[in-house]
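**Q** Build me a model:
(chains A, B, C, D, E, F, G and H, ligands or ions: 6)
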Amino acid sequence: MTRREIRIAGFGGQGVITAGYVLANAAAIHDGQYALMTQSYGPEARGGSCKTDVITSDEPIDYPKISSPDCLVAMSIDAFATFVDSVMDRGVVIYEDSLVDIPKKGVDPNKKYHGIPAVATANELGNPLAANMVMLGAVQALTGVVRAEALAASISDRFPRRKELNLRALRRGMELGRLQA
Amino acid sequence: MTRREIRIAGFGGQGVITAGYVLANAAAIHDGQYALMTQSYGPEARGGSCKTDVITSDEPIDYPKISSPDCLVAMSIDAFATFVDSVMDRGVVIYEDSLVDIPKKGVDPNKKYHGIPAVATANELGNPLAANMVMLGAVQALTGVVRAEALAASISDRFPRRKELNLRALRRGMELGRLQA
Amino acid sequence: MTKVASTLAKQRIKLIKQLCKGCGYCIEFCPNKVFEKSEEITERGVTPPRIKDPDRCTLCGLCTRLCPDFALTIEEDEGDG
Amino acid sequence: MTKVASTLAKQRIKLIKQLCKGCGYCIEFCPNKVFEKSEEITERGVTPPRIKDPDRCTLCGLCTRLCPDFALTIEEDEGDG
Amino acid sequence: MTEEMEHRLGDYLRMDRLPHIWCAGCGLGIILHSYVEAIQELSMDLDKIVTVSGIGCAGRASGYVNTDAFHTTHGRALPFATGISISRPDLKTVVISGDGDLFAIGGNHLIHAARRNVDMLVICSNNFNYGMTGAQYGPTTPPNTRTPTSPYGSIENPFNLVALVASSGATMVSRWTVYHVYHLKNAIKKGLQKKGFSFIEVISPCTTGFGRLNRLTPIEMMRQLRDNTKIKKVHPTEATIDPHTEIIIGDFVDVRKPTYGEILRELEAKAR
Amino acid sequence: MTEEMEHRLGDYLRMDRLPHIWCAGCGLGIILHSYVEAIQELSMDLDKIVTVSGIGCAGRASGYVNTDAFHTTHGRALPFATGISISRPDLKTVVISGDGDLFAIGGNHLIHAARRNVDMLVICSNNFNYGMTGAQYGPTTPPNTRTPTSPYGSIENPFNLVALVASSGATMVSRWTVYHVYHLKNAIKKGLQKKGFSFIEVISPCTTGFGRLNRLTPIEMMRQLRDNTKIKKVHPTEATIDPHTEIIIGDFVDVRKPTYGEILRELEAKAR
Amino acid sequence: MADRVLTGTRFVHGDWACAEGAISAGCGYYAAYPITPATEIAERIAQRFPALGGTFIQFEDEIGAIASVIGASFSGLKAMTATSGPGVSLMLENIGLAVMTEAPCVIVNVMRGGPSTGQPTMGAQGDVMQCRWGMHGDVETIALAPQSVQEMYDLTVEAFNLSEAYRTPVFLLSDANIGHLYERLTIPRDGELTLVERKRPTLPPIEYLPYGADESLVPPMASFGDGYRFYSTGLTHDEKGYPDMSAETQDRLIRRLCDKIRRNTDKITRTEALMTDDCDVLVVAYGITARSAATAVKQARDRGLKAGLLRLVSLWPFPDKLIEKTAEDAKTLIVAEMNYGQLVREIERAVKPKPVRFLPKLGENPHTPGEILEAIRRVYA
Amino acid sequence: MADRVLTGTRFVHGDWACAEGAISAGCGYYAAYPITPATEIAERIAQRFPALGGTFIQFEDEIGAIASVIGASFSGLKAMTATSGPGVSLMLENIGLAVMTEAPCVIVNVMRGGPSTGQPTMGAQGDVMQCRWGMHGDVETIALAPQSVQEMYDLTVEAFNLSEAYRTPVFLLSDANIGHLYERLTIPRDGELTLVERKRPTLPPIEYLPYGADESLVPPMASFGDGYRFYSTGLTHDEKGYPDMSAETQDRLIRRLCDKIRRNTDKITRTEALMTDDCDVLVVAYGITARSAATAVKQARDRGLKAGLLRLVSLWPFPDKLIEKTAEDAKTLIVAEMNYGQLVREIERAVKPKPVRFLPKLGENPHTPGEILEAIRRVYA
Ligand SMILES: Cc1ncc(C[n+]2csc(CCOP(=O)(O)OP(=O)(O)O)c2C)c(N)n1
Ligand SMILES: Cc1ncc(C[n+]2csc(CCOP(=O)(O)OP(=O)(O)O)c2C)c(N)n1
Ligand code: SF4
Ligand code: SF4
Ligand code: SF4
Ligand code: SF4
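**A** Ligands and ions are numbered 1, 2, ... in the order given. A predicted model of the protein is given here:
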């Protein structure tokens, strides 16, 4: 079995759920894998914490929940703090680099940490909302969970009108990821 | 077991239910018997056919329904026609005498028929609504299901203010009944 | 009803006794006092009206509409046709 | 709070940053423009206001009432007491 | 009643179900008469009318009409009728039900159906009590009335039904009584032809309920409807109602607004 | 928030539950603030107030107030509160809930509680949609609004809440907005002291729902409440409301009628 | 002030007895919406309450009635509503609220023929599963089934006692056959009745946990206005009463709510056994049906057939163990219900693989003793 | 006109798939009131219906929604509503009306944590008994439990088919875990779907008996406006549809209504068996839980433990015989449900005295495969 579990977490408004959708859709529709995605919100009505879990596999996926992700994408301090311990041994932790003090919080030598300046990169590209796609690029580069082409196709599905920007963000993310691979 | 089953039937407004109550209350409260009473109405909202069933016994009464009454009191043609066949062999059928053609409708030699001019008697007493008590008097005289004193006490319970008239009607009914006993 | 329609056919008020519940509205509200109380008690225990004075009926139809039981209706009078 | 109450105790506007959700109402609606946007992002991912000009505050209390998060309150100023 | 019986309205009624279950003198039979006569006079196609009721004495009305008809649960005639009206605009949807059914348990559906201006005619029998369950007080009972559940007199303020319905958005609002048979029939005819949420309150004697409680004979109740009523063209909020003194009756509202169904079809046309 | 935190309103709020769950800029926090400040200014005994809500974002309000408080089912705050109000007239019963809770699923209880003049204060947050479930349209949504369940624009006519409540019999009826914090607080103070069914509609921005659907920032929504409102003393039916053009606000009704509880006590006195 | 407890013997109907049972039990709040065959309970209450200071209100519907009953219960009153199947169906969401927030209250269902409007004036036992399973989510309920007018009184008192003891809604499951039946009722002297009052908090308000329970699993209950300033919600909540969406809290809460009833099944259960000690055929019945069954069993014994009757006085929580034990030596069970197969499923579950024969009865009347006797006979055939 | 059937493969959530399933099945009327986690079904329908000529209406509450669905069903349309536990609780009275008047319709319950408001955004399987027993009176219902996004589509189509075939409301019992789950969905080509249409009257209107059924027990159904001028009532009624309060009519009607489902249990029942042929331990599960159970059973086999899984795709009518037969050679059964003990009671009844171990799970998440594996292991311990 090649079950891979990726958790993306942050605040509402950061595009967390969209990132999860693009990733899972890429695997399920454009990469010949099985995939599923779940999401959950904090107690706040809107705009509080939120997270999405993506599972990919070569085989049909039975149990749909994640307990120890292979990869955590943390887009907020809160998300990092809440979930970093759940990441499995030798798992990958990708976090928003501007949250500088993150690595200080209990670095576990069994996990690989990658700070990605997703917000800054997205800002450079002219849209801070594209930080999520930067992150996805990094995930692709650092985990290989889906093929890059599948991700690109998935972005076209999800953003039929604004795909260029998002594709650029994805590519920049992949570059950033590869630098740390 | 001394289970006795009495069915009183007629139209709404004839005091059928009241008669049932007075009879059953007499047995249960003033005659040391067990007794119960049930009632039912036709499909009409109000004012259609109605009937009440009274059961008396020396012992606690389990099954509360009547299938073949020992005694039927029919205050309307309809009631007579509907229920006369249900009366058990050697049962007593007491009917409003002014419904003259009743005995013609299939007289069964195994039953005893008693036409009682209850309405006329009540009219004589000055209140047509007392016909039901005339009937009860006849029931007492013809079946002895409760003691006369118990019936009188029950009438006092039920009509604290108009008891005189009703007691008179009861007594007249008993006289009429005794004449046919 | 199998008869050939005739111009002589006359309309008249008709009481369908099986439907009457004896409310007395027809007696009370007929502007021409066509009805009166009867002594009859039907099998259903009600006292229907009696058409006292059919000739005073102007066929206004008020009674048919005020009768809550559809017991009054204006029909072709076959007997007198 | 253990201090003896002093007539010198001065009231001032206070921001409880943990409660702020960064809606910006205080900045927009303070009649005296006491607040401004900050650059800060809190742990909860919001940008709270900065009290730019506390001395312009007339203690009218509008911001405390318009703040949907109970994040602004007028308190005894202990530091300057 | 035997099926062969001839009757002027025989085509419009389920003659095999007569006599109906209502008490002697109950106004519901008169409402039913007015309704079927209105259909007859308009020569409407009986196949294209659906008559819906809730539960109660009034709710039995649908069972006597020779149209498609449905006897729903207590209070739910209006949403049921909404389901018909908006999915089958080719049919005329008519609700006949009681004041308790429509304004006690069903009150919310009423104000919302009126708000949406769902195309239907609602004929509400107001007999000032819950007839079917034995004359308990309800949202139309005059204050201080003694009923089985208000043995010391009711302590509630009644609704003014026409005011409430009008303020919720109904496009036709009338009040008549079963004594006013011609007005009533005309109002029903108007309602049958109207597009939009139309509401006719019909004051109707509950002879064994409200009548007996108030020691009134059926004839006395009808006389009250004749003597205590005043036909007036007023704003529905001014159409006051007290069965013992004065009841304002008349046609109070008649306006035209697009119905829910009409706007829905427009939207569908756009969406295609 | 830690329990030790000092706050001017610390005694009136469950500080251990802050920050509350509402979105940034949501008007509900302002309503809550006005409510507890009104209690504070009246020096009311917190032990003698019960705060009741239904379900929805607004329905969460009761959970932050440091009085006895109850979070009922969706739409049922009013009958629940009626149970308190008439059995415990020594307590002040206050309902805080949303327009959907009170006027969609709960509409019937509202008109009946108003009709009975049950002694309670109802504070209704009107944010023009169902916030909690994700900004679907409801009985207050302006026509043509696009929402998740009206993607081509809503085809329903909204209620005018103050008109409906007034015509049902409420003895105090006001409409304010969360921008008008002083008026709002005063209205609440009046309502807290009033004997009878009192109703305050509070126009409140749902920033992530109605706001985002209309592409308005929280600040823009508040500006609309400042710029599009007009304080007028009119009959509630004339208190028109369109968030995008003009909203009439003010205190519309204030009369005194015996409450349900008062009449009940009288009847009890007689019965004894 | 009028007499609360109308000590004495009278000939009355079941609904009347139920109303007096409520009054004797100390019911201070009654809200309902009229419905056949339960309306007479409201009518009696409306007559009696004003002079006693109790609050009677007729609501616009059953949903309002039950919601207000919960409000009154939290206001410190013993509270009740009465209705029939259609009304219970409407109340279920809020009965769930009463379960979740632990509001003691009594819900009387005078059953009539269903489904839907069905046979409004006629008796049935078709809502027996509904009062256990009608609410969404996991709940345990208590239900009592009177068989006589006297029990309409006695078990109404008992229903209040159980609801206060366990802080939970309790159903009195009667039917039109009993509600409208007239029989002798004896009301004991005031003071002779055992009345249970809810457990009140003993800690000062600041330490009070509205949903913190000791090993009884039943938390003490403060009332509105007592100064405890508690918060209560139908959402999943912690001991403080605050919403808490964690799985752990849900798990702890639901287990406690259900277990406080389940663990006390033996204490709550009431049954009556008639010649069950040596029976081959065990008849199980409840409510009005049990009266026919009693006659049938006696008649069977007269004919030398070893029949016995287990009458269930309480139906829920279902007494699996007790049934199993009572049926131990029986060869066959016969279950007679005025429905098309409800509690019989629970009995089957309890006693399988022992054969269980089901005797349905639909329409107005309970089984005749003859019908049950015939079924007993057939076991031997 | 827009495409009705959106043939193709997409990555979507369960609620979306359900809405498309309804559209593919020919649903022409949808009424609902928003509620988490079912609202997204309405949102998708609202998006899609206008161009297809379907009627979507958002009601003032769930009671109105279901009443209107019945009205639309009798107007000749395939009709549906979707809600969650609290909404179903409110709908029950009128679902009873649909049963009694035999209105085909589909009721989707995307379950969430209960009782009461509970855990509104989280999955659960707590309403399984409710959809069978929640209505007053005797009814039989049909319920299907999807385990995946694909099945949200497939079983919605199936639900419509069953409801039209048997003239009865059919429940689709999903939960938040599936409704909000995103997975691959493949919609077949239009015309590849088997769709069942209701049986229409063949007799002329004058001879039509709206409630007269042949041996199928399912009467042909005319629609409003077809010229049949039928009358229908929630009261007990005869073949003509007319109210008839006699015990005989009630008996005949209730038996027919229940038997038309009961007798077809074998035809209606859908299950999936995984390695049940030779198993010692038979795990029974449904919905999302069955997915964990499948993993657990495979893991058990990997470890040499002879486990098998019986997945119930349809829950009601309950397939006693099939369960008994499947469990024949098993020594122990394990039932895993996201509740505190519901369908397990039915399974116990079916297989007793065979031991049944119950694995409850309360709170957001389904059982982990590990939890079920552990239970399997313990059977051997
Ligand atoms: C859910 C439910 N609650 C209560 C009832 C009992 N019930 C039947 S009719 C009725 C009231 C009828 O009053 P109204 O609508 O005014 O009609 P009327 O009988 O006076 O014509 C009631 C309360 C019911 N059938 N269903
Ligand atoms: C019986 C029931 N139906 C539906 C819901 C779902 N629901 C929760 S809150 C809500 C609407 C809230 O709208 P509103 O009252 O306006 O409050 P807001 O969230 O906008 O403050 C709905 C439909 C529910 N909880 N219970
Ligand atoms: S109005 Fe009709 S029902 Fe009344 S008495 Fe006259 S005929 Fe009979
Ligand atoms: S008003 Fe309050 S929440 Fe909004 S920015 Fe200012 S302090 Fe923060
Ligand atoms: S009870 Fe009243 S409303 Fe019902 S049929 Fe009789 S008179 Fe009419
Ligand atoms: S969704 Fe709307 S109403 Fe709810 S908390 Fe957010 S802004 Fe407020």
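
**Q** Identify the residues contacting the strand or helix carrying residue E:225?
**A** According to DSSP states H and E, residue E:225 maps onto helix E:218-227. With contacts defined as Cβ atoms under 8 Å, 6 or more residues apart in numbering or on different chains, helix E:218-227 is touched by C:23-25, C:28-29, C:66, E:24-25, E:177-180, E:203, E:205, E:207, E:210-211, E:216, E:243-244, E:247. Quick note: C-beta positions are derived from backbone N, CA and C, even for glycine.

**Q** Residue H:248 is in contact with residue G:365, correct?
**A** No: Residue G:365 is beyond contact range of residue H:248, at 11.3 Å (criterion: Cβ atoms under 8 Å).

**Q** Neighbour count for the two, which is higher?
**A** More neighbours surround residue G:365 than the other of residue G:365 and residue H:248, with 20 against 11 (other Cβ atoms under 10 Å in any protein chain shown).

**Q** Run a quick neighbour tally on the closest residue to residue A:90 other than its chain neighbours.
**A** Distances taken as Cβ to Cβ, 6 or more residues apart in numbering or on different chains place residue A:110 nearest to residue A:90, at 6.1 Å, with adjacent residues excluded. Residues near residue A:110, counting by other Cβ under 10 Å, number 10.

**Q** Next up, identify which helix or strand residue A:110 is on.
**A** Assigned by DSSP H and E, residue A:110 falls within no helix or strand.

**Q** Model confidence at it, what's the number?
**A** Per-residue confidence (pLDDT) for residue A:110: 88.

**Q** The closest residue in space to residue E:105 that isn't next to it in sequence: neighbouring residues, count only.
**A** Distance criterion Cβ to Cβ, 6+ apart; nearest residue to residue E:105, sequence neighbours excluded, is residue E:75 at 3.4 Å. Residues lying near residue E:75 (other Cβ under 10 Å) number 33.

**Q** Go ahead and confirm residue E:75 touches residue E:99.
**A** No: checked against Cβ under 8 Å, the pair residue E:75 and residue E:99 is beyond contact range at 11.5 Å.

**Q** now the strands: where do they sit in the stretch 101-250 of chain E?
**A** E:120-126, E:172-177, E:197-203, E:229-231, E:247-254 (DSSP state E, counting those that start in this stretch).

**Q** give the contact list for residue 107.
**A** No chain was given, so I picked chain A. residue A:113.

**Q** switch to chain G, that's the one I care about
**A** Residues in contact with residue G:107, defined by Cβ under 8 Å, 6+ apart, are G:66, G:80-83, G:88, G:91, G:95, G:131, G:169-172.

**Q** ditto for residue E:57
**A** Residue E:57 neighbours (Cβ under 8 Å, 6+ apart): B:45, E:21, E:22, E:26, E:28, E:98, E:125, E:127, E:131, E:132, E:206.

**Q** and the residue nearest to it when sequence neighbours are not counted, what are its phi and psi?
**A** For residue E:57, ignoring the flanking residues on the chain, the nearest one in space by Cβ to Cβ, 6+ apart is residue E:131 at 4.2 Å. Residue E:131 has phi and psi values of phi -60, psi -50 when expressed as degrees, to the nearest 10.

**Q** for residue A:117, same thing?
**A** According to degrees, to the nearest 10, residue A:117 has phi -80, psi 70.

**Q** Partner strands of the helix or strand hosting residue G:56, with direction?
**A** Taking DSSP H and E as the criterion, residue G:56 maps to strand G:55-58. Paired neighbours of strand G:55-58 in the sheet (DSSP bridges): strand G:27-32 (parallel).

**Q** so residue G:102 makes contact with residue G:213?
**A** No: Residue G:102 is beyond contact range of residue G:213, at 9.2 Å (criterion: Cβ under 8 Å).

**Q** Need the overlap of contacts for those two.
**A** In contact with both residue G:102 and residue G:213: residue G:219, using Cβ under 8 Å, 6+ apart.

**Q** Look at those two and report which has more neighbours.
**A** Set side by side, residue G:102 and residue G:213 show more neighbours around residue G:102, with 23 against 17, by other Cβ under 10 Å.

**Q** Give the full set of residues in contact with the more buried one.
**A** With Cβ under 8 Å, 6+ apart, residue G:102 has these contacts: G:167, G:168, G:211, G:218, G:219, G:221, G:257.

**Q** Surely residue G:334 forms part of a strand?
**A** Yes: Residue G:334 forms part of a strand when assessed by DSSP: H, G, I helix; E, B strand; the rest coil.

**Q** And for the residue of chain C found nearest chain D, the neighbour number?
**A** Here chain C gets closest to chain D at one residue, residue C:68, 61.4 Å apart by Cβ to the nearest Cβ. Taking other Cβ under 10 Å as the neighbour definition, residue C:68 ends up with a count of 30.

**Q** Spatially nearest residue to it, not counting backbone neighbours?
**A** Excluding its sequence neighbours, the residue lying closest to residue C:68 (Cβ to Cβ, 6+ apart) is residue E:29, at 3.0 Å.

**Q** which residues does that neighbour contact?
**A** Shown in contact with residue E:29 (Cβ under 8 Å, 6+ apart): C:67, C:68, C:69, C:70, E:20, E:22.

**Q** Take these and write them to JSON lines, including distance to ligand 4, secondary structure and pLDDT.
**A** Conversion of the contacts of residue E:29 to JSON lines gives the following (distance: Cβ to the nearest ligand atom, whole Å; DSSP: H, G, I helix; E, B strand; the rest coil; pLDDT from 0 to 100):
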{"residue": "C:67", "distance to ligand 4": "72", "secondary structure": "coil", "pLDDT": "98"}
{"residue": "C:68", "distance to ligand 4": "67", "secondary structure": "coil", "pLDDT": "98"}
{"residue": "C:69", "distance to ligand 4": "71", "secondary structure": "coil", "pLDDT": "97"}
{"residue": "C:70", "distance to ligand 4": "71", "secondary structure": "coil", "pLDDT": "97"}
{"residue": "E:20", "distance to ligand 4": "66", "secondary structure": "coil", "pLDDT": "95"}
{"residue": "E:22", "distance to ligand 4": "64", "secondary structure": "coil", "pLDDT": "96"}
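
**Q** now these as JSON lines including distance to ligand 1?
**A** Output for those, formatted as JSON lines (distance: Cβ to the nearest ligand atom, whole Å):
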{"residue": "C:67", "distance to ligand 1": "19"}
{"residue": "C:68", "distance to ligand 1": "13"}
{"residue": "C:69", "distance to ligand 1": "16"}
{"residue": "C:70", "distance to ligand 1": "18"}
{"residue": "E:20", "distance to ligand 1": "12"}
{"residue": "E:22", "distance to ligand 1": "9"}
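
**Q** Check those against ligand 3 and report the nearest one.
**A** Using Cβ to the nearest ligand atom, residue C:67 comes nearest to ligand 3 of the contacts of residue E:29, at 3.2 Å.

**Q** number of nearby residues for that closest one?
**A** 24.

**Q** So it is in contact with residue C:28, correct?
**A** No: counting by Cβ under 8 Å, residue C:67 sits too far from residue C:28 to count as a contact (11.4 Å).

**Q** what about the chain, any weak spots by pLDDT?
**A** Going with chain A. For chain A, applying pLDDT under 70 flags the ranges A:1, A:42-47, A:100-106.

**Q** sorry, should have said chain C
**A** Using pLDDT under 70, chain C drops low at C:1-9, C:77-81.

**Q** cutoff 50 now
**A** Low-confidence segments of chain C (pLDDT under 50): C:1-8, C:80-81.

**Q** Which one of the residues in it is closest to chain E?
**A** Counting by Cβ to the nearest Cβ, chain C gets nearest to chain E through residue C:68 (3.0 Å).
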